[in-house]
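Asks: Could you work out the structure for the sequence below:
(chains A, B and C, ligands or ions: 2)
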Amino acid sequence: MVVAESKPIEEILAMVADFDKILLTGCKGCVTVCNAGGQKEVGILASALKIARKKEGREIEIEEITLERQCDPEYIDQLEEPIAKNNYDAVLSMACSVGPQYIAKRYEDTLVYPCLNTTFIGGALEHGVWAEFCQACGSCGIHNFGALCPIARCAKSLLNGPCGGSAGGKCEISPETDCVWHLIYERMSRLGQLDKMANVVMFKDWTTSRDGGPRKIVREDLKQ
Amino acid sequence: MRLNYPSNIKIINVPCTGRVDILHLLKAVEDGADGVYVAGCLEGDCHYISGNLKAKKRVAYAKKVLEAIGLEPERVEMYNLSAAQGARFAEIAREFTERIHQLGPSPVGSGAKAA
Amino acid sequence: MKAGSHLEKMFAAGHFAVTGELGPPRGADAGHIHEKAKYLKGIVESVNVTDNQTAVVRMASMAVCRLLLDMGIEPNLQMVCRDRNRLAIQADLLGASALGIKNVLCLSGDHQKFGDHPQAKNVFDIDSMQLIATCKKLRDEGKLINDHECEGVPQYFIGAAVNPFADPFDFRVTRLAKKIKAGVDFLQTQCIYNMEKFRTYIQQANDLGLTEKCYIMAGITPLKSVGMARYMQKFVPGLDVPEDYIERLKGVDKKKQGDEGIKIAIEQIQEVKEMKGIAGVHVMAIEWEERVEEIVSGAGLLPRPEVS
Ligand code: SF4
Ligand code: SF4
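Replies: Numbering: from 1, shown residues only, chains lettered A, B, ... in the order given. Ligands and ions are numbered 1, 2, ... in the order given. Model (predicted):
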């Protein structure tokens, strides 16, 4: 899933400093799963903003709506009525950064602000801890690396690791970070595929990655 | 045994402090409470295993939120005591009330409303 | 001959080769280079010029290499993959050749996290293994990565680094073999302190016949003080400084610790010189260039042999 985390409240407070009435929108997709922008987090942020503004003696009105998904135009349509009726100063989105862009596209005259920092494609390691697993390079080759991704998980995206900085299974950038190449080595040795690691892996073609420009997938079979 | 505790404290009963959510704590502050505290069972004594430990983490989170928006984090607190410690309950109530008196009324409430 | 550099000729003539290292300044002062480099002239075959080492911005390696050539010193151009993509790398490689630089050292580069611009975006379009292959393709096929033929084929003596002390240890010799497969001509090792482990490593390389396929230079860095030794032990990932050395430095007066460090370095050189499969030493005395002569001569390696 897309993993995100809340921006610091101070930053969000500064964004809404000039506003008196806002719509705060959450998303029931990935950001609910990673406890960053679901209904519950929307409630907490709304309350925190209201407390802060009461303290300043300038109350803010906040309406809360959590959509099924914000990366799908049909759900974004559901904001039409509240936006038309209420004359909000701005709409804040607690979805991953796709959400605020969809809202901005759909409601052309509305100011839109992101409340999350969208961080990576990853998963939970344990409750409350998430890590990055994929960088969406657009041409997955992890089967060559014991089904572990060196592009997203090696600090230098090396295709011929582990580098000389690998120590005790950890990466040179931090004792908290696993050296994925160490993990690849261990897994390949368990699978009896160490001989594969003796081959030089040649240049990666990055055209399918962000480097090839913004990407789009067109499925003719589904398109209408 | 009847013990006196300050009358400006409003008690909200929950089956277990594990039920207390960050939002409950914030809502209380938002609605004008000068302080909120959670009185949970002693650590290790939770009937539901870890309810009070969860509450402790949520209190810590609420403190961080208050701090981020410029309110004293001391307005939210977690205490642990057992159901048999009536005297301790009264003592905590006085202690916390005293703390809040020192902090003064919350800048959020209109007048020093207590909850 | 691949490139006919002085370093290559020394190896070819069967001499035990010596290289040095120079870190460019964090400024535009060319005088600084002359000052440091003069201590290395005639003492070593060629001098590595680091490339934004430890991800700290310094004068461009290629520019410093040219300054060294002007001084009559042969440079080894270090090149990291952190700061340039394949376009810039190939452009730089071609430019280096045009400037008369013949030895190239291919490195991945330290991550910028601990450098002076941790906010930077890194590149890592290709890795050190692929950089070696790029140099080889340019030289042997006269082609760029995209198979475009070069007008004017560059000649390089291709080097790289290996760290025998990183983990997993059992993979280290395989990685050395990979660098040979990719096309490396000579290798310089990370600074050696744990001789025991290094011996095992070279033994493995000998057993696989790898030491016959490229020239391996043992990395030597003199310890200046107990503090430096401790720092290397604790904070440089993949560097192994045994307690013995620290004890030995502690055993002498604080002012004499540097001298003791030099003595240790000389002993290490004498030790590796006797090892089968070691073709030379790479003396990395960063910010201590003035003591290199003492080390090389102490190890009985001066004067340097003449080759033509
Ligand atoms: S190889 Fe590419 S697609 Fe596959 S996990 Fe890694 S970054 Fe993602
Ligand atoms: S230590 Fe491992 S994960 Fe870190 S950069 Fe080197 S190979 Fe990649």
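
Asks: could you show me where the helices are in the chain, in order?
Replies: Reading this off chain A. Here chain A has its helices, by DSSP state H, at A:9-15, A:30-33, A:39-55, A:73-76, A:80-86, A:98-106, A:150-153, A:180-190.

Asks: Can you look at chain B instead?
Replies: Applying DSSP H to chain B gives helices spanning B:22-30, B:51-68, B:86-103.

Asks: will you turn those helices into JSON lines that also has mean neighbour count?
Replies: Just so you know, the C-beta spots here come from the backbone N, C-alpha and C atoms, and that holds for glycine as well. Formatted as JSON lines, the helices of chain B follow (neighbours: other CB atoms under 10 Å in any protein chain shown):
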{"stretch": "helix B:22-30", "mean neighbour count": "22"}
{"stretch": "helix B:51-68", "mean neighbour count": "19"}
{"stretch": "helix B:86-103", "mean neighbour count": "16"}
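
Asks: Take those and write them to a markdown table, including distance to chain A and mean pLDDT.
Replies: Formatted as a markdown table, these follow (distance: least, CB to the nearest CB, whole Å; pLDDT from 0 to 100):
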| stretch | distance to chain A | mean pLDDT |
| --- | --- | --- |
| helix B:22-30 | 4 | 96 |
| helix B:51-68 | 4 | 95 |
| helix B:86-103 | 13 | 93 |
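
Asks: Check A:Val31 and give its pLDDT.
Replies: Note on A:Val31: pLDDT of 98.

Asks: surely it meets A:Ser97?
Replies: No. Contact criterion CB atoms under 8 Å: A:Val31 and A:Ser97 do not qualify, at 10.3 Å.

Asks: Okay, now the unreliable bits of chain C?
Replies: Nowhere does chain C drop to pLDDT under 70.

Asks: Could I get the full set of helices for it?
Replies: Along chain C, the stretches classed as helices by DSSP H are C:6-12, C:30-37, C:61-70, C:86-98, C:128-136, C:169-182, C:195-207, C:226-235, C:243-250, C:257-273, C:292-298.

Asks: Tell me which other helices or strands the first one touches.
Replies: Going back to what we said before, that points to helix C:6-12. When contacts are defined as 3 or more CB pairs under 8 Å, 6 or more residues apart in numbering or on different chains; DSSP states H and E, helix C:6-12 packs onto strand C:17-22, strand C:74-80.

Asks: likewise the fifth one?
Replies: Based on contacts counted as 3+ CB pairs under 8 Å, 6+ apart, the elements that helix C:128-136 packs against are helix C:86-98, strand C:103-107, strand C:157-162, helix C:169-182.

Asks: out of the ones you listed, deepest packed?
Replies: strand C:103-107 (a mean of 28; mean count of other CB atoms under 10 Å in any protein chain shown).

Asks: Tell me the bridge partners for the most centrally placed residue in chain B.
Replies: Residue closest to the mean C-alpha point of chain B, counted by CA atoms, centre = their mean, is B:Tyr37 at 0.4 Å. Applying DSSP bridges to B:Tyr37 gives these bridge partners: B:Glu77.

Asks: for it, what are its contacts?
Replies: B:Tyr37 makes contact with B:Val76, B:Glu77, B:Met78, B:Tyr79, B:Ile92, B:Phe96 under the criterion CB atoms under 8 Å, 6 or more residues apart in numbering or on different chains.

Asks: Find the nearest non-adjacent residue to the last one, please.
Replies: Nearest residue to B:Phe96, sequence neighbours excluded (CB to CB, 6 or more residues apart in numbering or on different chains): B:Tyr37, at 5.3 Å.

Asks: Flag every residue of chain A that's near chain C.
Replies: A:155-170, A:172-174, A:179, A:182, A:185-186, A:194, A:197-204, A:206 (CB under 8 Å from any CB of the partner chain).

Asks: try it again with 6 Å
Replies: Within chain A, the positions adjacent to chain C are A:155-160, A:163-168, A:172-173, A:185, A:198, A:200, A:203 by CB under 6 Å from any CB of the partner chain.

Asks: per-residue confidence at the residue nearest to B:Phe96?
Replies: Reported pLDDT for B:Tyr37: 96.

Asks: swap in A:Ile44?
Replies: Taking A:Ile44 on its own, its pLDDT is 98.

Asks: and it, how many residues sit next to it?
Replies: 21 (other CB atoms under 10 Å in any protein chain shown).

Asks: surely it meets B:Leu25?
Replies: No. The pair A:Ile44 / B:Leu25 is not scored as a contact, 9.6 Å apart, by CB atoms under 6 Å.

Asks: Stretch C:151-159 and chain A, any residue contact?
Replies: No. Against chain A, stretch C:151-159 shows no contacts by CB under 6 Å from any CB, the least distance being 13.7 Å.

Asks: and A:Leu49, what does it touch?
Replies: For A:Leu49, no residue meets the contact criterion (CB atoms under 6 Å, 6 or more residues apart in numbering or on different chains).

Asks: I am finished for the moment; much appreciated.
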